[in-house]
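J.: give the three-dimensional model of this entry:
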Amino acid sequence: MKAVVLALGLALALMLAAPAVAGDRHPSQAKLEGEVMCPVCHTTLDQSDSPVARHMKAFIGRRIRAGDSESEIKAKLVASFGPAVLAEPPRHGFALLAWLLPIGGIALGALALGFAAWRWSRAREPSPALAGGLVLDPELDRRLDDELRRFE
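T.: Below you'll find the predicted structure:
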């Protein structure tokens with residue numbers, strides 16, 4: 001049984017890894033332009049039309065035609081322009097906070113909202129109908145009965 005589970009896990013890992021490797025081997029111009037920043041106007045290349053951005057787009061096109069992978073092209077751009085050329089912050093060191101803070105903020109917000117809803121639901125006064133029956137003034141009760149009889 002363990003061997004079957006291990007084989008299925010290995011097959012699943014290989015199926016998921018193949019598209020990732022293929023995507024790195026054959027990058028698209030549009031994908032890379034969305035992931036690389038223009039050092040002049042500080043927007044992604046697909047939004048920029050500065051001379052430097054046009055030069056970088058041409059460089060990416062040449063590297064794709066030469067058969068470079070996505071990671072090789074990005075490494076060459078980082079070597080030329082520095083790590084700030086990547087639109088995605090690195091996933092190590094102090095820059096890891098850019099990945100963790102939004103997730104932590106969402107988790108804390110969800111916890112605070114859940115706690116507030118829990119407290120609100122516990123702090124309400126029970127309605128009189130639930131606390132032992134609805135008690136009406138005898139005169140109001142008689143008038144209500146009279147009105148209801150009229151509609152029967």
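J.: same question for the helix or strand harbouring Leu111, mean pLDDT?
T.: Using DSSP states H and E, Leu111 maps to helix 97-123. Taken as a whole, helix 97-123 has a mean pLDDT of 91.
J.: against which helices or strands is that helix packed?
T.: On a contact count with 3 or more C-beta pairs under 8 Å, 6 or more residues apart in numbering; DSSP states H and E, helix 97-123 meets no helix or strand. Using the backbone N, CA and C atoms, a C-beta is placed for each residue, glycine as well.
J.: which residues of this structure fall in helices?
T.: Remark: helices assigned in the chain by DSSP state H are 2-25, 29-35, 51-66, 70-81, 97-123, 128-132, 138-151.
J.: closest to Arg91 out of these?
T.: helix 97-123 (6.1 Å; C-beta to C-beta).
J.: what are the buried residues along that closest one?
T.: Buried residues in helix 97-123, counting neighbours by 16 or more other C-beta atoms under 10 Å, are absent.
J.: got a list of what Met37 touches?
T.: If you count contacts by C-beta atoms under 8 Å, 6 or more residues apart in numbering, Met37 has them with 43-45, 84-87.
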